[in-house]
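S.K.: Could you look at this predicted model? Sequence included:
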Amino acid sequence: MTTTTRGSLALIGAAFFASGAAALAFENLWFHQAALAFGNSAVASSLVLSGFMAGAALGNQLAARLGDRLHRALRAFAWLELSVAGSGSRSCGCCRAAAASLPWR
């Protein structure tokens, strides 16, 4: 393995690590937002966990169907991660608005 290849693999590994860390941070943030909206309950926890797992399952299904057609899979992964980061950031405002409209709040 050349130095460039090792450096590239280290960069890709760091990107995957950062992606996982960001996913856990978003999940923690959504747990907090759901607890504010629904109270600290099993309903709030199961809502966030089921949404997180459904997103992971949908991503796996799309990757299985479209993965062979991608010529630059890492670039597609980067674009998907950026879109998830954007939509995850915007979802916090939606959670606050939904919590304000609940009848028991």
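M.R.: That came through, no problem.
S.K.: The helix ranked longest in the chain - what's its average pLDDT?
M.R.: The helix spanning the most residues in the chain, taking DSSP state H as the definition, is helix 3-38. For helix 3-38, mean pLDDT is 82.
S.K.: Kindly report the same for stretch 70-83.
M.R.: Taken as a whole, stretch 70-83 carries a mean pLDDT of 84.
S.K.: Now do that stretch: distance to the chain's middle.
M.R.: The offset between the C-alpha centroid of stretch 70-83 and the centroid of the whole chain comes to 14 Å, using CA atoms, centre = their mean, to the nearest Å.
S.K.: next one: stretch 64-73
M.R.: For stretch 64-73, the separation from the chain centroid amounts to 20 Å (computed by CA atoms, centre = their mean).
S.K.: So for that stretch, what gets flagged as buried?
M.R.: Of the residues in stretch 64-73, none has enough neighbours to count as buried (16 or more other CB atoms under 10 Å). For the C-beta atoms, the positions are set from N, CA and C on the backbone; glycine is no exception.
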